[in-house]
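In: how would this look folded up:
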Amino acid sequence: MTSIAPMLSVRNGAKAIDFYKAAFGATEIFRHGDESGRVVARLSVDGAEFWLADESPENQNFSPETIGGSTTRMILTVADPDASFNRAIAAGATMVWPVANQYGWRIGRLVDPYGHHWEIGKPVPKA
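Out: From the prediction side, this is the model:
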């Protein structure tokens, strides 16, 4: 089986895991920490997997905080975009634009406390 799962570089991976659990209901599938407190984790949001790790400049892995932005947006497709978006905002994300119907989707965009941008939405059924 072939799959692709993004790995997000963050500062303070342990706190980031807690945020993704609170914001998106993520569950931990795998977690490894070292003596310095840095972590690598595999998370799942209703079966959709992604990884995160503390940034490691020595391996050319930088967080959005370090580079001053992000080169990737995460698209999270859910049954209730409004509820999921509001949950993430309550957990500490910042709204970029609110959930609305556009381009055939009900979708909104936010940035998490670690600098990663998320678009949360679902396709709108055609009339």
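In: drop to CA atoms for contacts and neighbour counts, all remaining ones
Out: Noted.
In: Quick one: residues contacting Arg109.
Out: By C-alpha atoms under 8 Å, 6 or more residues apart in numbering, the contact set of Arg109 is Met95, Val96, Trp97, Pro98, Val99, His117, Trp118, Glu119, Ile120.
In: Mind giving me the PyMOL select for these, buried ones only?
Out: Buried members of these, defined by 16 or more other C-alpha atoms under 10 Å, are picked up in PyMOL with:
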select buried, resi 95+98+99+117+118+119+120
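In: Which pair in the contacts of Arg109 has the greatest spatial separation?
Out: Taking C-alpha to C-alpha, the two most distant members of the contacts of Arg109 are Val99 and His117; they sit 14.1 Å apart.
In: confidence score at Thr71?
Out: pLDDT for Thr71: 89.
In: before we move on, what about the one 5 residues further on?
Out: pLDDT for Leu76: 97.
In: now Ala127
Out: 74.
In: From the chain's centroid, how far away is stretch 60-68?
Out: The chain centroid and the centroid of stretch 60-68 are separated by 15 Å, computed with C-alpha atoms, centre = their mean, to the nearest Å.
In: sorry, that was for stretch 106-118
Out: With C-alpha atoms, centre = their mean, you get 7 Å for stretch 106-118.
In: quick one: terminal-to-terminal distance for that stretch?
Out: 14 Å (C-alpha to C-alpha, to the nearest Å).
In: Give me the helices and strands touching the top strand by length along the chain, please.
Out: In the chain, assigned by DSSP state E, the strand with the most residues is strand 94-102. Contacts defined by 3 or more C-alpha pairs under 8 Å, 6 or more residues apart in numbering; DSSP states H and E place strand 94-102 against helix 81-91, strand 105-111.
In: residues of stretch 110-123 that come out buried?
Out: 110-122.
In: From these, which land in strands?
Out: Among the buried residues of stretch 110-123, the members falling in strands (DSSP E) are Leu110, Val111, His117, Trp118, Glu119, Ile120, Gly121, Lys122.
In: residues touching the third one, list them.
Out: Pointing back at His117 there. His117 touches Ser70, Thr72, Arg73, Met74, Arg109, Leu110, Val111, counting by C-alpha under 8 Å, 6+ apart.
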